[in-house]
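> sequence unknown, structure follows:
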């Protein structure tokens, strides 16, 4: 995260894959999943405050795949380097996983 403020990412996953977890090892925040994606199914998990959702292109709302006691509303990337760990199982080599975010800067004097 090259910004000066925390950034809230979106996780984009293309199956086949069973989503299991996403962890920021710098903050200790962990999101646990139990979400089975079929071959060719794309799921977008939006972690931005005010937008929290998990949506499949095929099935619509799949928020049930986010397990309780996860840091779903608290997951962020700190400014600087973040060590991220993703766990998915059952893939066949055709799955795709990406994490996207917008770099943000906060300044009271609007100089940045």
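Sure thing, it's come through. Not measured: the values here are computed from a predicted model.

> ranges for the strands of this protein?
Listed from the start of the chain, the chain has strands (DSSP state E) covering 10-14, 17-24, 29-37, 42-46, 53-56, 60-61, 84-89, 96-100.

> Geometrically speaking, which residue is the centre of this structure?
For the chain, the residue lying nearest the average C-alpha position, counting by Cα atoms, centre = their mean, turns out to be residue 11 (3.5 Å).

> Let me see the contact set for that one.
The neighbours of residue 11, taking Cβ atoms under 8 Å, 6 or more residues apart in numbering as the test, are 22, 44, 45, 47, 97, 98, 99. For every residue, glycine as well, the C-beta is placed using N, CA and C.

> What subset of those is buried?
Among these, those classed as buried by neighbour count (16 or more other Cβ atoms under 10 Å) are 22, 45, 47, 99.

> Which of those residues sits closest to residue 75?
Comparing those against residue 75 with Cβ to Cβ places residue 47 closest, at 4.9 Å.

> So the closest one sits against residue 12, correct?
No: judged on Cβ atoms under 8 Å, residue 47 makes no contact with residue 12 at a distance of 11.4 Å.

> Sketch out the low-pLDDT regions of this structure for me.
Applying pLDDT under 70 to the chain picks out residues 104-112.

> can you rerun that using 90?
1-7, 79-80, 101-112 (pLDDT under 90).

> Which among the strands of the chain is found nearest to residue 70?
Taking Cβ to Cβ as the criterion, strand 29-37 is the member of those that comes nearest to residue 70, at 4.4 Å.
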